[in-house]
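Colleague: the following block contains a protein sequence and its predicted model.
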Amino acid sequence: MCHWRHTDFEETDFMKKVTKATIAAVAAGALLLGGAGTVARWQAQQSIDAGSVETGHLNLTTGEPGSWQDISNPAAPVPFNPATDQLVPGDVVAFSQTATIDAEGKNIAGSLSVDQLETALGALEGYVTVALKVDASAPGITEEADGTLTFAEPGKYSVPFLITVTFDEGAVGDTPASTYDQVLDLQALTLTLDQVRA
């Protein structure tokens, strides 16, 4: 009886070892298959030659020195010399010069403005105004209703402009004596060309 029980024990122990070995082999195979699947995923690449793109530019320069005129009577402008001539209420004087715009870009347009924030009007505040008027009659230039200058195509354009100084006339007695003998320094005026999309 003991002999048969001993044999049963040995067979049972053997079967357990065989079962464990089989499970281990199956697990190892599964790992190998899983690893092979990850490594075997395909990938292909191809470089593309898309060339290059380039940015444009927008430059503003002025050429010859400008000149002053008294345009109080627009039909008959006369020379005005800021060094010797003085303004009185009702006067309008204009500084004329030509700017060169160099514009490069497919959808480029520009807006010219004059910045008078640095102009110290002092006692003339509320009585004197400084404004910009652009002559957009140059070939290839169009001035839109909002003041934007559009260009027929990229390139260089000469644009005459006027900076006007207007001393409002008002009614008799409206302009106080505090506006007498005042100096209006226009050396800090800045002409600005802002890029906008056409």
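Modeller: Now that the structure is in, tell me what you want to look at.

Colleague: which stretches of this protein have low pLDDT?
Modeller: For the chain, the stretches with pLDDT under 70 are 1-38, 116-120, 188.

Colleague: so where do the strands sit in it?
Modeller: Listed in chain order, the strands found in the chain under DSSP state E are 57-62, 67-70, 78-79, 92-104, 108-115, 128-134, 141-143, 148-151, 155-167, 190-197.

Colleague: let's have those strands in a markdown table, adding mean neighbour count.
Modeller: Every C-beta, even on glycine, is put in place using the N, C-alpha and C of the backbone. Shown next, in a markdown table, are the strands of the chain (neighbours: other CB atoms under 10 Å):
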| stretch | mean neighbour count |
| --- | --- |
| strand 57-62 | 13 |
| strand 67-70 | 16 |
| strand 78-79 | 10 |
| strand 92-104 | 18 |
| strand 108-115 | 18 |
| strand 128-134 | 17 |
| strand 141-143 | 16 |
| strand 148-151 | 19 |
| strand 155-167 | 17 |
| strand 190-197 | 13 |
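
Colleague: just put these in CSV and tack on distance to residue 45.
Modeller: Formatted as CSV, the strands of the chain follow (distance: least, CB to CB, whole Å):
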stretch, distance to residue 45
strand 57-62, 37
strand 67-70, 66
strand 78-79, 74
strand 92-104, 36
strand 108-115, 37
strand 128-134, 54
strand 141-143, 49
strand 148-151, 43
strand 155-167, 42
strand 190-197, 37
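
Colleague: out of those, the one nearest residue 178 is which?
Modeller: strand 128-134 (12.5 Å; CB to CB).
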